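got a sequence here, can you build the structure:
(one chain, ligands or ions: 2)
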Amino acid sequence: MAKLFRAAIMGPPGSGKGTISKRIAESFGLQYLSSGHYLRESIVANTEAGVLVRSYVERSLLVPDHVMTRLMLPRLEQLIGHSWLLDGFPRTLAQAQALNNLCQLDLVISLNIPYETLKDRLSDRWIHPASGRVYNMGFNPPKVKGKDDITGEPLIQHDDDKPEALMARLRHYKDVAKPVIALYKSQGVLHSFSGTETDRIWPYINSLLSTKIHTQPSGAFQTHTP
Ligand code: G5P
Ligand code: MG
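Ligands and ions are numbered 1, 2, ... in the order given. Just a heads-up that it's a prediction; the model follows:
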């Protein structure tokens with residue numbers, strides 16, 4: 001019988017969550033929800049919440065848990081009856097517990113990417129401050145150097161992306177993620193993947209998901225319990 005499939009992908013900034021999520025969503029037809037995307041949407045809308053969110057995202061700090069759960073959980077409630085993949089949520093134990101109260105995840109993918117690799121990817125990162133859109137001069141540069149693709153406004157580089165600050169952020173990510181990873185490990189749903197290249201990690205994730213989700217020709221899919 002077809003069963004719903006709920007998954008999340010975790011990993012430090014720049015670990016490839018977004019890149020891999022898009023491949024999973026395309027290959028397996030899951031609805032894709034990215035916390036970063038919804039945060040940037042609220043920044044652009046310039047609501048009271050958006051102004052608050054911007055003050056955190058601009059400094060690459062975690063947005064408070066109550067703001068995150070208010071942003072994400074109603075969207076999941078609307079997706080009752082759908083299978084989905086979360087990118088970047090939950091990031092803290094409080095967020096994971098709030099999500100647990102709504103539903104149990106079937107699978108959590110955790111990406112372990114070496115610090116040096118993350119440093120290379122992130123140290124070349126430029127941001128459009130008004131929207132939170134992120135560019136990387138090496139992998140996804142803006143169409144016009146130093147300008148936002150949509151508005152043409154100047155891009156800025158944050159002090160947070162300097163190597164020392166980056167190290168502190170990545171250490172902070174690890175500390176915050178530790179109890180979340182322990183929770184999902186204890187629930188038997190955690191799968192960790194290590195490597196320096198997304199293209200080399202992807203085949204392993206793809207084959208794991210193929211054993212759990214069976215796509216149907218119609219685009220519908222079934223899940224298998226191991
Ligand atoms: P986001 O938007 O979730 P981050 O900081 O976690 O942002 P980001 O930048 O979105 O991370 P990612 O999704 O893990 O990274 O990785 P990606 O975008 O796929 O890849 C990063 C770059 O590397 C891309 O340019 C990609 O093309 C390139 N790349 C990927 N693979 C390879 C490879 O193999 N080789 C090479 N050469 N390049 C590669 O969150 C933004 C902010 O929102 C807040 C926080 O402030 C956060 O900083 N936030 C939350 N706060 C609290 N709780 C939550 N749940 C929050 N979620 C977001
Ligand atoms: Mg991302």
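
in this structure, what residue is nearest ligand 1?
Sorted by distance to ligand 1 under CB to the nearest ligand atom, the residues of the chain start with G36, at 2.0 Å. (C-beta placed from N, C-alpha, C; glycine too.)

that residue touches G88, doesn't it?
Yes: using CB atoms under 8 Å, G36 and G88 qualify as a contacting pair, with a distance of 5.3 Å.

neighbour count for the two, which is higher?
With neighbours defined as other CB atoms under 10 Å, G36 and G88 compare such that G88 has more, 22 against 17.

what about the more buried one, distance to Y38?
Distance of G88 to Y38, computed by CB to CB, to the nearest Å: 9 Å.

need the overlap of contacts for the two.
Common contacts of G88 and Y38 (CB atoms under 8 Å, 6 or more residues apart in numbering): none found.

which residues sit in contact with T69?
T69 neighbours (CB under 8 Å, 6+ apart): A94, Q95, A98, L99.

so which of these is the closest to Y32?
Nearest to Y32 among these: L99, at 16.1 Å, using CB to CB.

so the closest residue to that closest one other than its chain neighbours, which state does it fall into?
Ranked by CB to CB, 6 or more residues apart in numbering and with sequence neighbours excluded, the top spatial neighbour of L99 is P90, at 5.2 Å. For P90, the reduced secondary structure class is coil; criterion used: DSSP: H, G, I helix; E, B strand; the rest coil.

my guess is P90 meets N101, correct?
No: counting by CB under 8 Å, N101 is not a contact partner of P90; they are 11.5 Å apart.

the two: who's more crowded?
Neighbours were counted for P90 and for N101 using other CB under 10 Å; P90 has more, 26 against 8.

mind checking pLDDT for the residue of the chain closest to ligand 1?
At G36, the model reports a pLDDT of 91.

contacts only, for Y204.
Neighbouring residues of Y204 by CB under 8 Å, 6+ apart: F193.

likewise G152?
Listed by CB under 8 Å, 6+ apart, the contact set of G152 reads V144.

quick one: which helix or strand includes it?
Per DSSP states H and E, G152 falls between elements, in no helix or strand.

any idea how far it lies from ligand 2?
Distance of G152 to ligand 2, computed by CB to the ion, to the nearest Å: 23 Å.

L73 now?
For L73, the distance to ligand 2 under the criterion CB to the ion works out to 20 Å.

how many other residues sit next to I127?
Burial of I127 is recorded as 20 neighbouring residues (other CB under 10 Å).

just R171 next, same as before
The local packing count at R171 equals 12, with neighbours defined by other CB under 10 Å.
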